[in-house]
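Engineer: This is the structure alone, sequence omitted:
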């Protein structure tokens, strides 16, 4: 009320007095309410998408039983909490709206009270520019206002991400209130320390404080860590920076089809690296993102290949036409396609990609294909694809492939040409087979065995 009393003493109008009050009330009340009702709208929209997917992935009486796709069941469990299934006979209950509204009360109070101070300070600054007799704004009020803006922006972004991931709950709303309080309190602590160092700071000298106030308002942990490092409290555990040098994350831009804009969109779903994408549920991504199901399949399959062979091996294999983990599986393990020469070339780049220094490991592939090297390549690929995430993607891939029909696996002209080529090979090999059979039958003492 001190701000209100000061404005009344100056002869300010009632509109200027109650304007911060109304603005703070709008900010504090509308944000939680809008977030909660946006959650319900997103839920209804995604439930409709899941119902459409159910016609594709629900295959009754397959091999005497209903075929269950765990990836799709997980999606249903997340958005259909009140439904009963064979796997979950007792339905779980979704969070009611009134509980979310009740849990948002602390966040509403924090945004309203601190927002009123921030709006009053902003109004005082605006009035001060037009009135030369006005008193200067206290430094702590300016730091509080800037920290509040940073905390408010982070809270809005965090709540929107929770809607996108559909994990908004009472704990997230309470965490938002704590974040705002924590950020503003840390900024006030910085302001107190700054005023003790500079008793009469000039406006130009206060710029570092304002930047720090916004940073700690947006990320309060940054300010706490800075204070601990600057203090004499060296007994707490510190991170080993050499770990970050030994292990590096691969950005999503290495995946063909993902640019910076798509990476920013996927970041809202906590997918920031290739490893995150390789372990993501493709059906969940299809429901929660605007991208197509085949596009997501291709991205996840590429990420899984990059994750197992490394960035260097992934780049080299892509030049050979092997873009996904399934391309690697077919090229090495499919007897109709794979040859010793193909496996030898793939093995060279796989083993090179495993080593960080670019040199082949002990199981390196020599220049000429040998039986041992060929066995090493096949064994290594079998190990690389033996992963639950690859099995999950393969199950969904096979299900969609069955829906498309096996007759669409190849062009009809390609199938006819392949059939003719196979017939020609059989005709060419027929005289050799007959000659061999004749020799075996006429061999002494082998007639009975040949007839058998």
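Structural biologist: Structure's in. What do you need? A quick note: this is a predicted structure, and the numbers were derived from the prediction, not measured.

Engineer: Tell me where the model's unsure across the stretch 201-350 of the chain.
Structural biologist: By pLDDT under 70, the weakly predicted segments of the stretch 201-350 of the chain are 201-205, 222-239.

Engineer: With the stretch 1-150 of the chain instead?
Structural biologist: By pLDDT under 70, the low-scoring segments of the stretch 1-150 of the chain are 1-17, 58-68, 81-93, 127-137.

Engineer: repeat for the stretch 351-452 of the chain
Structural biologist: Checking the stretch 351-452 of the chain against pLDDT under 70 turns up 352-369, 413-452.

Engineer: quick one, phi psi at the most centrally placed residue in the chain?
Structural biologist: Taking Cα atoms, centre = their mean, the centroid of the chain lies closest to residue 271, which sits 1.7 Å from it. Per-residue torsions, residue 271: phi -110, psi 100 (degrees, to the nearest 10).

Engineer: With residue 251 instead?
Structural biologist: Dihedral pair for residue 251: phi -70, psi 160, per degrees, to the nearest 10.

Engineer: how deep is the closest residue in space to it that isn't next to it in sequence tucked in, by neighbour count?
Structural biologist: Setting aside the residues directly before and after it, residue 251 is nearest to residue 273 in space (Cβ to Cβ, 6 or more residues apart in numbering), at 6.8 Å. Yep, even glycine has a C-beta here, placed from its N, CA and C like the rest. When neighbours are defined as other Cβ atoms under 10 Å, residue 273 has 15 of them.

Engineer: hang on, isn't residue 190 packed against residue 210?
Structural biologist: No: in terms of Cβ atoms under 8 Å, residue 190 does not count as a neighbour of residue 210; the distance is 10.1 Å.

Engineer: Pick out whichever of the two has more residues nearby.
Structural biologist: The neighbour comparison of residue 190 against residue 210 (other Cβ under 10 Å) goes to residue 190, with 22 against 18.

Engineer: Disregarding residues adjacent in the polypeptide, which is nearest to that one?
Structural biologist: Of all residues not flanking residue 190 in the chain, residue 212 sits nearest, at 5.5 Å (Cβ to Cβ, 6+ apart).

Engineer: Within the helices and strands, which one has the one you found?
Structural biologist: Assigned by DSSP states H and E, residue 212 belongs to helix 207-218.

Engineer: List the buried residues of that helix.
Structural biologist: Neighbour-count burial for helix 207-218, counted by 16 or more other Cβ atoms under 10 Å, picks out 209-210, 212-218.

Engineer: How about stretch 269-278?
Structural biologist: The neighbour-count check on stretch 269-278 (16+ other Cβ under 10 Å) flags 269, 271, 274, 276-278 as buried.

Engineer: Now do the helix or strand residue 301 falls within: distance to the chain's middle.
Structural biologist: Using DSSP H and E, the element containing residue 301 is helix 293-319. With Cα atoms, centre = their mean, to the nearest Å as the basis, helix 293-319 stands 16 Å off its chain's centre.

Engineer: picking up where we left off before, any idea how far the residue nearest to residue 190 is from residue 179?
Structural biologist: As judged by Cβ to Cβ, to the nearest Å, residue 212 and residue 179 stand 17 Å apart.

Engineer: picking that back up, which residues do residue 190 and residue 210 both contact?
Structural biologist: Shared contacts of residue 190 and residue 210, defined by Cβ atoms under 8 Å, 6 or more residues apart in numbering, comprise residue 143.

Engineer: Mind giving me the packing neighbours of the longest helix anywhere in the chain?
Structural biologist: For the chain, the longest helix by residue count, based on DSSP state H, is helix 14-57. Counting contacts by 3 or more Cβ pairs under 8 Å, 6 or more residues apart in numbering; DSSP states H and E, helix 14-57 packs against helix 2-9, helix 70-79, helix 97-103, helix 105-130, helix 139-165, helix 282-288, helix 388-404.

Engineer: Could you export those helices as a markdown table, including mean neighbour count and distance to residue 249?
Structural biologist: A markdown table is the format used below for these (neighbours: other Cβ atoms under 10 Å; distance: least, Cβ to Cβ, whole Å):
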| stretch | mean neighbour count | distance to residue 249 |
| --- | --- | --- |
| helix 2-9 | 13 | 47 |
| helix 70-79 | 18 | 24 |
| helix 97-103 | 15 | 34 |
| helix 105-130 | 18 | 33 |
| helix 139-165 | 20 | 20 |
| helix 282-288 | 21 | 19 |
| helix 388-404 | 15 | 17 |
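
Engineer: just so I know, which of those helices lies nearest residue 382?
Structural biologist: Closest approach to residue 382 among these (Cβ to Cβ): helix 388-404, 11.3 Å.

Engineer: who does that closest one touch, helix- and strand-wise?
Structural biologist: Helix 388-404 makes packing contacts with helix 14-57, helix 70-79, helix 282-288, helix 293-319, helix 325-333 when contacts are defined by 3+ Cβ pairs under 8 Å, 6+ apart.

Engineer: Tell me the buried residues in the fourth one?
Structural biologist: Under the neighbour-count criterion of 16+ other Cβ under 10 Å, helix 293-319 has 293, 295-310, 313-314, 316-318 buried.

Engineer: do the same with the last one
Structural biologist: Within helix 325-333, the residues that qualify as buried are 325-329, 331-332, counting by 16+ other Cβ under 10 Å.

Engineer: Many thanks, have a good one.
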